[in-house]
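the sequence and its predicted three-dimensional model are supplied below.
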Amino acid sequence: MSYLDAFKANAGLIKQLGEGNAYLAWVMALYLEEPDVEALASEGITDGPNDKKIDFIYLDRDTKRIIFSQGYLSGTKIDAAPANKASDLNTAAAWLISGDLKSVPTTLREIIVECREAINDGEVEGIELLYVHNLPESVNVTRELQTAAQHLQKALGDSSISISARELGVSRIEHIFATQESHIDVKDIIHFPSDVKFSESGPKWEASVASVPGLWLHELYSKYEDRLFSANYRGFLGISRRRRINTGIRQSAETKPKDFWVFNNGITLLTLGKKETKSGIELTGISIINGAQTTGSLGSVDLKKSDIKSVNVLCRVIQCSDEDLGHTYVRKRGFRTAGDQIGIEEVAQPLLAFHGRYQDGIRGKNQIFERKPLYSNAFENKKARHILLAYSLARAIDERRIVLKEKSSAASIIKIEEDQLSLLRNLRFKSFLIAVVSQVLESITLKKVDPLTVAFQPDVAQAKNSSLVDLTAMWGPVVDHVLSLVSTQVTPSSLSENFSEDTFLPAVAKAVGALLYAGKAADQHAGFSKVIADS
């Protein structure tokens with residue numbers, strides 16, 4: 001399948017955003033390895049006139065970079081995209097760095113302020129200027145982009161921030177798509193070097209446990225590098241002062257190779273197929289889904305200086321075709337092409353917020369997976385039905401933001417909706433709103449519920465009965481109602497001032513819950529009350 005065919009399969013996104021904005025959002029999600037295209041679109045696509053030549057802007061706190069772009073979707077086949085759209089990025093960069101905020105429309109002001117604060121606080125290491133289109137790349141466009149990057153670098157003065165500019169046309173996007181499409185990028189036949197010690201199996205999975213040589217992992221990493229972690233939610237983080245754990249893993253292998261097996265937790269491999277042959281076990285395709293840091297650290301050992309022949313590592317090999325309640329669950333980090341797919345990376349932040357940890361819910365995704373208390377709070381002992389509940393709520397909020405942005409662009413938005421959109425433009429508000437909804441569920445349903453376990457009813461959660469879109473739609477009236485009440489209690493300025501205060505959420509939730517109860521919310525949301533369960 002070509003990337004254009006994959007894009008056109010997103011009929012809902014195209015209908016919702018229009019083909020041009022949908023194309024830009026979809027390609028940016030592909031480029032950024034962002035699993036949730038709708039959420040990215042609701043945050044990053046600018047809305048309304050006077051956009052200061054910024055069609056898309058995104059602050060990626062995980063990778064410490066700012067990405068902004070111009071988009072162009074041609075309805076006819078021509079040799080190259082118009083170069084003047086690339087030169088518009090000069091204007092965009094100027095507004096991002098130093099434009100008068102009083103002249104910046106409200107649709108952009110909040111994110112530009114956040115970007116500037118991140119730059120001033122040393123939280124940005126790179127800025128990327130992108131020109132996204134559906135035509136062949138050209139020399140003229142490349143020159144314009146290089147000029148824009150040079151101007152921005154000069155405007156930043158002595159800053160250590162690196163600037164890059166890229167043209168994302170058909171050939172480059174196709175290449176990116178080809179590397180993302182498969183969960184398991186390495187599809188070679190791999191000889192497994194050890195005997196299986198024992199095996200376990202389930203209805204849709206089979207697992208084997210063995211002890212493998214560290215040299216084998218070193219060879220795999222040397223040959224495939226990051227492709228080896230294509231189904232891993234974060235990949236190898238590298239050897240540097242920032243990654244002291246990985247440095248420690250490597251040093252353990254170098255200085256105490258015979259004890260490495262005891263010190264290390266081992267790795268888990270995902271494979272497309274496993275079979276016994278005369279020469280041993282063969283794996284068809286391979287990805288390391290747990291143990292990327294171990295593998296990468298062993299792969300970074302200089303074999304000319306260190307002997308790791310006695311290093312052995314505990315290894316699980318899993319062949320699995322399971323689905324959660326019929327919904328496709330994607331362990332692969334990053335982009336999903338289309339459909340009702342749910343990934344571990346995109347549910348982490350909504351889960352933390354739903355559990356009341358809305359301040360942690362805005363952390364970079366990598367931080368959530370690196371910090372055990374956050375990871376445990378999000379996932380430990382959590383049922384799939386609960387994860388679906390929290391994630392579909394997050395998607396419903398994204399849907400509401402897109403609707404309000406469209407009404408703003410069409411000049412048909414009313415005052416109370418403007419207040420709601422002002423809040424939704426603050427990137428921290430989504431996490432806060434999820435937490436508020438979670439806290440007031442009892443007032444909505446008139447049922448005793450625990451935010452840590454509340455879930456969709458089993459029959460409702462089944463994909464054969466409710467798609468992810470269906471589940472998101474169920475939240476729609478609830479989100480609209482709660483958002484309208486929250487906007488009477490919270491303003492953008494009070495959100496910024498009180499976001500870190502532990503008393504802020506309980507106070508707002510108490511007021512909103514009382515309003516819901518007084519308004520006989522049970523009558524308004526009787527249908528929604530029937531689709532959730534205590535656990």
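Yep, that arrived.

can you give me the strands in the stretch 201-350 of the chain?
205-213, 267-270, 273-277, 280-290, 312-320, 328-330, 341-343 (DSSP state E, counting those that start in this stretch).

looking at the ones you listed, spot the one closest to D60.
strand 341-343 (17.0 Å; C-beta to C-beta). Yep, even glycine has a C-beta here, placed from its N, CA and C like the rest.

give me the nearest residue to P350, chain neighbours excluded.
A394 (3.8 Å; C-beta to C-beta, 6 or more residues apart in numbering).

N465 now?
D459 is the one closest to N465 (C-beta to C-beta, 6+ apart), at 5.9 Å.

how far away is that neighbour from V531?
For D459, the distance to V531 equals 9 Å [C-beta to C-beta, to the nearest Å].

which one's more surrounded, those two?
V531 (18 against 10; other C-beta atoms under 10 Å).

so I362 touches S431, yeah?
Yes. Applying C-beta atoms under 8 Å, one finds I362 in contact with S431, separated by 4.9 Å.

who touches both of these two?
Common contacts of I362 and S431 (C-beta atoms under 8 Å, 6 or more residues apart in numbering): Q349.

contacts only, for the nearest residue to D36 once chain neighbours are set aside.
Spatial nearest neighbour of D36, excluding adjacent residues (C-beta to C-beta, 6+ apart): E346 at 4.5 Å. By C-beta under 8 Å, 6+ apart, the contact list for E346 reads P35, D36, A39, Y391.

buried subset of those, written for PyMOL?
Burial among the contacts of E346 is assessed by 16 or more other C-beta atoms under 10 Å; the matching PyMOL selection reads:
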select buried, resi 35+36+39+391
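
out of the contacts of E346, flag the one nearest to T271.
Once C-beta to C-beta is applied, the member of the contacts of E346 that ends up nearest T271 is P35, at 22.6 Å.

where's the closest one, which helix or strand?
Using DSSP states H and E, P35 is not contained in any helix or strand.

and for D188?
strand 186-192.

and this structure, what are its domains?
Domain ranges of the chain: 3-180, 186-320, 340-533, per automatic domain parsing.

dump those domains to JSON lines, plus mean pLDDT.
Output for these, formatted as JSON lines (pLDDT from 0 to 100):
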{"stretch": "domain 3-180", "mean pLDDT": "87"}
{"stretch": "domain 186-320", "mean pLDDT": "85"}
{"stretch": "domain 340-533", "mean pLDDT": "90"}
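
wait, Q524 touches P477, no?
Yes. With contact defined as C-beta under 8 Å, Q524 and P477 form a contacting pair (7.4 Å).

can you tell me the element L515 falls in?
Short version, using DSSP H and E: L515 is in helix 504-518.

for that helix, name the packing helices and strands.
Counting contacts by 3 or more C-beta pairs under 8 Å, 6 or more residues apart in numbering; DSSP states H and E, helix 504-518 packs against helix 429-439, helix 441-445, helix 468-489.

who's in contact with T46?
T46 sits in contact with I54, D55, F56, I57, T107, L108, where contact means C-beta under 8 Å, 6+ apart.

where do the helices sit along the stretch 201-350 of the chain?
214-224, 244-255, 260-263, 292-299, 344-354 (DSSP state H, counting those that start in this stretch).

nearest to G71, out of these?
helix 344-354 (22.8 Å).

ends of stretch 132-139, how far apart?
Criterion C-alpha to C-alpha, to the nearest Å; first-to-last residue distance in stretch 132-139 is 15 Å.

now do that stretch: distance to the chain's middle.
26 Å (C-alpha atoms, centre = their mean, to the nearest Å).

please apply the same query to stretch 441-456.
That offset, for stretch 441-456, works out to 27 Å (C-alpha atoms, centre = their mean).

for that stretch, output the C-alpha coordinates as PDB.
Listed next in PDB are the C-alpha coordinates belonging to stretch 441-456 (Å, rounded to 0.1, in the frame of the first residue of the first chain):
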ATOM      1  CA  LEU A 441     -18.500  10.600  37.300                       C
ATOM      2  CA  GLU A 442     -20.600   9.800  40.300                       C
ATOM      3  CA  SER A 443     -22.600  13.000  39.800                       C
ATOM      4  CA  ILE A 444     -23.000  12.100  36.100                       C
ATOM      5  CA  THR A 445     -24.100   8.500  36.600                       C
ATOM      6  CA  LEU A 446     -25.400   8.500  40.200                       C
ATOM      7  CA  LYS A 447     -23.300   5.400  40.800                       C
ATOM      8  CA  LYS A 448     -20.500   4.700  43.200                       C
ATOM      9  CA  VAL A 449     -17.400   4.600  41.000                       C
ATOM     10  CA  ASP A 450     -13.600   4.300  41.600                       C
ATOM     11  CA  PRO A 451     -11.600   6.300  39.000                       C
ATOM     12  CA  LEU A 452      -8.800   3.600  39.200                       C
ATOM     13  CA  THR A 453     -11.100   0.800  38.100                       C
ATOM     14  CA  VAL A 454     -14.300   2.200  36.500                       C
ATOM     15  CA  ALA A 455     -14.700   0.700  33.000                       C
ATOM     16  CA  PHE A 456     -17.000   0.100  30.100                       C
END
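
got a list of contacts for that stretch?
By C-beta under 8 Å, 6+ apart, stretch 441-456 touches 354-356, 382-383, 385-386, 388-389, 437-439, 461, 466, 471, 478, 482, 512-514, 516-517, 521-522, 525, 528-529, 531-535.

mind giving me the PyMOL command for buried ones among those?
Per 16+ other C-beta under 10 Å, the buried members of the contacts of stretch 441-456 correspond to this PyMOL selection:
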select buried, resi 354+355+356+382+383+385+386+388+389+437+438+439+461+466+471+478+482+512+513+516+521+522+525+528+531+532+533
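
how near is the residue nearest to D36 to K85?
In terms of C-beta to C-beta, E346 sits 30 Å off from K85.

and I45, how far from A92?
Taking C-beta to C-beta, one finds I45 at 14 Å from A92.

from what I can see S201 touches S208, true?
No. In this structure, S201 is not within contact of S208 by C-beta under 8 Å, at 9.4 Å.

out of those two, which sits in the busier spot?
S208 (22 against 10).
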